[in-house]
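Participant: this is a predicted model, with the sequence first.
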Amino acid sequence: MASITLAPGLIYYPDYLDRPAQEALLQAVRDVTRAAPLFTPRMPRTGKPFSVRMTNCGRLGWVSDEQGYRYQPTHPETGKPWPAMPEMVLRAWEEMSGYPLPPDACLVNFYEPTARMGMHQDKDEAELAAPVVSLSLGDTALFRYGGVDRKDSTRSVRLRSGDAIVFGGPSRLIHHGIDRLIAGSSDLLPQGGRLNLTLRKVEEAL
Ligand code: MD6
Ligand code: FE
């Protein structure tokens, strides 16, 4: 599988999923959202809504509200356990993570054409030895990444439908965000927009 090392531990896999695989993953995500509807996360303390809507699959899901960021075993609105992780998602983890245990959580982010995501680090996981594996579907996103230090310089990469990117090793805690989508860049989602799945090992392996 072709890959490009953007920085030590930051590996980009353009076209990781071909079109039939993207369609199959989209169907699997639709099944997930039927069981666990998209919800609008809110910023800790202020309660300001995110422009991105989210859901999860797997044993644990990432949620955010006035109480803070956390992983929990149930949907914040329905109270039900998250649906199982699709087989395709587990296969992607096995292929790209280089980590011996399966992921605990798969966060699904849905971007309307004008949604964005501010610069952040993924650091709510206890197991930082495992990478984060990310899969993108739908419209192309301008993905900005910097370094572990918030003040490090940044670069951008366009994440297109079917692309994967892995944050591991010395890049596990780099800052990153989505500046914007490129409208009309993919016809995978009938109404446009973008889906991103991030797979994580949350709990520390013993
Ligand atoms: C997104 N991705 O692509 C947001 N985090 O919509 C992330 O925040 C992310 O792609 C950690 C590792 C890979 C990612
Ligand atoms: Fe992130």
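Facilitator: Ah, there it is. Numbers count the residues shown, from 1 in each chain. Ligands and ions are numbered 1, 2, ... in the order given.

Participant: next SSE downstream of the longest helix seen in the chain?
Facilitator: Ranked by residue count and defined by DSSP state H, the top helix of the chain is helix 19-35. Remark: after helix 19-35, the chain's next helix or strand is strand 53-57, criterion DSSP states H and E.

Participant: what helices and strands are in contact with that following strand?
Facilitator: Packing partners of strand 53-57 (3 or more C-beta pairs under 8 Å, 6 or more residues apart in numbering; DSSP states H and E): helix 19-35, strand 61-65, strand 105-111. No exception for glycine: its C-beta is placed from N, CA and C like everyone else's.

Participant: pLDDT averaged over it, what's the number?
Facilitator: The predicted model assigns strand 53-57 a mean pLDDT of 99.

Participant: what's the offset of that strand from the middle of its chain?
Facilitator: 9 Å (C-alpha atoms, centre = their mean, to the nearest Å).

Participant: what angle do that strand and strand 61-65 make?
Facilitator: Between the axes of strand 53-57 and strand 61-65, defined by axes from the mean of the first three to the mean of the last three C-alpha atoms, to 10 degrees, the angle is 150 degrees.

Participant: contacts for strand 53-57?
Facilitator: Residues from elsewhere that reach strand 53-57 (C-beta atoms under 8 Å, 6 or more residues apart in numbering): 32-33, 36-41, 61-63, 75, 82-86, 89, 105-110, 112.
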